[in-house]
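Student: give the three-dimensional model of this entry:
(chains A and B)
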Amino acid sequence: MSATLTTVPAELSPKGIARLTNFRLIPRVDTYPAVVAFAQTAIGKLVLLVLFGLGLAYASTDWLILTLCLALITFLPAQRRILVTISALLFAVIVPWKFFKQPFYSVALMVLVLTLAALLFWCATLWPRSWYGKRPVFVFLSSFSLLIVIASYIPQGTRAHQLVWDFTSSLSVYIWFICYSLLDRSSPSRDPFSLQLGSYRPFWGSTNTPFAKGAAYLRRIEAHNPEQLAVTQLKGVKLLAWSIVLSLFAQAFNYCAYGYLHVPQFYQALYLSANRTPLPWYHCWASILAGFFGSIVTFSAFGHRIIACCRMAGFNALRNTYRPLSSRTIAEFFNRYYFYFKELLVDVFFYPFFLRYFKKHHKLRLVGAIFAAACFGNAFYHFVRDLGFIQTFGLREALISYQVYLFYCFLLAAAISVSQLRHRKPAPSGFIRGQLWPSFLVLLFFCLLDVFGSTERNYPLSEYFRFIGHLFNLSL
Amino acid sequence: MDRMVEVREFFKGLLAIRHDRQPFTDSTSFFLSGRLSSVDAVELVVFLEEKYGIDFAEVGFDQSQIDSVEAIASLLSTVKAIG
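Tutor: Down below sits the predicted model:
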């Protein structure tokens, strides 16, 4: 008996377990001194750029020009920030030129928007004590909202209608980037507008959410010596490799789920539910589980590619998505799934509320700030992102059809509030009670919440509740 | 207790909740490095407001001001000088 107890299989010995937990599909080359030293040499930089370019060729259509920009930035680190600005302008004007319907008109609108951004930035820095200088982000977002209201009341079919909407749409693409510049106004080490511009839809990619935030963040995470640059670039190459692995996995998963197992897509299941021919409850569950899991993997791969390019340019940015499946609380998942969107909401909506209001009422202060960010900010972000709805259907109809996403934002904010109000304490020990069970509950919550996360506006809220009913075999 | 000792202890408490027992120095970055999240930053803000009377609405808030023990020391001395 004792003999069998002492003969622990190699793979279960402490050494074996440690080896298993430390296993990395992509080795931590950024911690190998010899590799870091090699990456600082001219040949090492070239090797990294070639490897990165090859990876990008798989992941991006603009891989060649992107790699050339990265090469310039790699070999001229002293000019990094201005090269980032030049590259951003290149990717804003030259690269998409052939896709513009009216190139000169589109570029003129962009110039107008960026001129406005420069004026807003300079005014905020020149007159910090003025009414505008004290709350530039609030004034800017309020004015933008007013512009949308005015635009929606200009009669359709007129030249003015088209012009105002074209300008509003162009501005909407940049508003959150402008917000980050305005937040940087009072920093003693703030960058001039020429460098702020590099963070406006940076060349490494972004959505309407600024990836790697604004210029202030870029200043802090920039590599300041050859060693830091080498480590950051090695991390970039690793992250791109991981992004490719995830993309391949997502393709395989989608093939298995939708091609082989014929799991219905969520929109199909919802369509059938809305047409009173619902799928069996287990098919409904399969559709939301597959959709939720697939979107996490795909979105992770997308974010990793962008951050990999950012790192390759010499900025040690945090990942956009970081192990969301291991989240033990709702707030943690929100933080881990779409980090830069969460940061935007925190910087633009959460802190301004939290630092000003209800300071004597701790819980009210926290809940108010969470609702300002996760409910109002989240809803506002998506409402102004999809301006086409307002332009086509009018402001009132667009607001009414937005009910599903508004409900989603409300639920999300309420859940984060509850999650944050509960006393924070160390997780219970043990893998099942401490990690697996809380993570399962968090993922189940977000999986169900995701049903309401659609911004498509095809069905009223009642249809989504009907679908939730079908998940539990209830006919509503 | 010395202010910086209190701040260090507070950081230690935040890290303990995350099962992070890695050592840190006064210059260790917590928020920009991702070691702590913005949720933890909120707790730190409340701690600094209550313990040292800092009004971030007045002095302006930037996460880099509270990113390390050193940054907080510098913030506290600036606020004291202004006050």
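
Student: so what's the residue nearest the centre of chain B up against?
Tutor: Centroid check for chain B by C-alpha atoms, centre = their mean gives B:Ile66 as the closest residue, at 4.2 Å. Going by C-beta atoms under 8 Å, 6 or more residues apart in numbering or on different chains, B:Ile66 touches B:31, B:41, B:44-45, B:48, B:72, B:75. All C-beta spots, glycine's among them, are computed from the backbone N, C-alpha and C.

Student: list the contacts for residue 40?
Tutor: Here I'm looking at chain A. By C-beta under 8 Å, 6+ apart, the residues touching A:Gln40 are A:226-227, A:229-230.

Student: chain B is the one I meant
Tutor: So B:Asp40 contacts B:14, B:30-31 (C-beta under 8 Å, 6+ apart).

Student: can you put those in CSV and add neighbour count and secondary structure?
Tutor: CSV is the format used below for the contacts of B:Asp40 (neighbours: other C-beta atoms under 10 Å in any protein chain shown; DSSP: H, G, I helix; E, B strand; the rest coil):
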residue, neighbour count, secondary structure
B:Leu14, 20, helix
B:Phe30, 23, coil
B:Phe31, 19, coil
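
Student: let me know the closest of those residues to A:Leu56.
Tutor: B:Phe31 (30.2 Å; C-beta to C-beta).

Student: distance of the closest one from B:Asp67?
Tutor: 5 Å (C-beta to C-beta, to the nearest Å).

Student: and for A:Phe99?
Tutor: From A:Phe99 to B:Asp67 the distance is 41 Å (C-beta to C-beta).

Student: out of the two, which sits in the more crowded spot?
Tutor: Taking other C-beta atoms under 10 Å in any protein chain shown, A:Phe99 and B:Asp67 do not tie; B:Asp67 has more neighbours (22 against 8).

Student: read off the pLDDT value for the more buried one.
Tutor: Each residue has a pLDDT score; the one for B:Asp67 is 91.

Student: what distance do you get for it to chain A?
Tutor: 8 Å (C-beta to the nearest C-beta, to the nearest Å).

Student: show me where pLDDT drops low in the chain?
Tutor: Picked chain A for this. Applying pLDDT under 70 to chain A flags the ranges A:1-21, A:423-427.

Student: sorry, should have said chain B
Tutor: The low-confidence ranges in chain B, as defined by pLDDT under 70, are B:1, B:80-83.

Student: what's near enough to touch residue 24?
Tutor: All of this refers to chain A. A:Arg24 touches nothing, counting by C-beta under 8 Å, 6+ apart.

Student: you looked at the wrong chain, it should be chain B
Tutor: By C-beta under 8 Å, 6+ apart, the neighbours of B:Phe24 are B:11, B:15, B:30, B:69.

Student: how many neighbours does A:Leu474 have?
Tutor: 10.

Student: any idea how far it lies from A:Cys284?
Tutor: 11 Å.

Student: try A:Ile468
Tutor: Distance from A:Ile468 to A:Cys284, by C-beta to C-beta: 9 Å.

Student: circling back: pick the one among the contacts of B:Ile66 closest to chain A.
Tutor: Using C-beta to the nearest C-beta, B:Val45 is the member of these that lies nearest chain A, at 7.4 Å.

Student: skip the chain neighbours and tell me the closest residue to that closest one.
Tutor: B:Phe56 (6.3 Å; C-beta to C-beta, 6 or more residues apart in numbering or on different chains).

Student: show me what contacts the one you found?
Tutor: Neighbouring residues of B:Phe56 by C-beta under 8 Å, 6+ apart: A:355, B:45, B:48-49.

Student: now the helices for chain B?
Tutor: In chain B, the segments counted as helices under DSSP state H are B:3-17, B:38-52, B:56-59, B:69-82.

Student: highest average neighbour count across those helices?
Tutor: Mean neighbour count (mean count of other C-beta atoms under 10 Å in any protein chain shown) peaks for helix B:38-52 among the helices of chain B, with a mean of 18.

Student: tell me the angle that one makes with helix B:69-82.
Tutor: Angle, helix B:38-52 to helix B:69-82, by axes from the mean of the first three to the mean of the last three C-alpha atoms, to 10 degrees: 40 degrees.

Student: and helix B:38-52, how far out from the chain's middle?
Tutor: Remark: helix B:38-52 is offset 7 Å from the chain centroid, using C-alpha atoms, centre = their mean, to the nearest Å.

Student: and the strand or helix carrying A:Val137, does that touch chain B?
Tutor: Using DSSP states H and E, A:Val137 falls within helix A:136-153. No - counting by C-beta under 8 Å from any C-beta of the partner chain, chain B is not contacted by helix A:136-153; separation bottoms out at 12.4 Å.

Student: show me what counts as buried in that helix.
Tutor: A:136-137, A:139-141, A:144, A:148, A:151-152 (16 or more other C-beta atoms under 10 Å in any protein chain shown).

Student: and the helix or strand that it is followed by, how far out from the chain's middle?
Tutor: Next helix or strand after helix A:136-153 toward the C-terminus (DSSP H and E): helix A:159-183. Centroid separation between helix A:159-183 and its chain, computed with C-alpha atoms, centre = their mean, is 20 Å.

Student: quick one: contacts for residue 79?
Tutor: Picked chain A for this. Contacts of A:Gln79 by C-beta under 8 Å, 6+ apart are A:Ile73.

Student: meant chain B, my bad for not saying
Tutor: B:52, B:54, B:59 are the contacts of B:Val79 under C-beta under 8 Å, 6+ apart.

Student: please enumerate the helices of the stretch 301-450 of chain A.
Tutor: A:330-337, A:339-345, A:351-354, A:362-370, A:378-385, A:387-393, A:395-400, A:403-421, A:431, A:437-449 (DSSP state H, counting those that start in this stretch).

Student: output the contacting helices and strands for the last one.
Tutor: Secondary structure elements in contact with helix A:437-449, counted by 3 or more C-beta pairs under 8 Å, 6 or more residues apart in numbering or on different chains; DSSP states H and E, are helix A:281-312, helix A:330-337, helix A:403-421.

Student: what does it rub up against?
Tutor: By C-beta under 8 Å, 6+ apart, helix A:437-449 touches A:288-289, A:292, A:325-330, A:332-333, A:337, A:408, A:411-412, A:415, A:427, A:468, A:471.

Student: downstream of it, the next helix or strand is which one?
Tutor: By DSSP H and E, the next helix or strand past helix A:437-449 is helix A:461-471.

Student: may I have that following helix as PDB, with CA atoms only?
Tutor: Extracted in PDB, the C-alpha atoms of helix A:461-471 (Å, rounded to 0.1, in the frame of the first residue of the first chain):
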ATOM      1  CA  LEU A 461     -38.100  43.800 -26.300                       C
ATOM      2  CA  SER A 462     -41.100  41.400 -25.800                       C
ATOM      3  CA  GLU A 463     -39.700  39.100 -28.500                       C
ATOM      4  CA  TYR A 464     -36.400  38.800 -26.600                       C
ATOM      5  CA  PHE A 465     -38.300  37.900 -23.400                       C
ATOM      6  CA  ARG A 466     -40.200  35.300 -25.400                       C
ATOM      7  CA  PHE A 467     -36.900  33.800 -26.500                       C
ATOM      8  CA  ILE A 468     -35.700  33.700 -22.900                       C
ATOM      9  CA  GLY A 469     -38.900  31.800 -22.100                       C
ATOM     10  CA  HIS A 470     -38.200  29.300 -24.800                       C
ATOM     11  CA  LEU A 471     -34.800  28.600 -23.200                       C
END
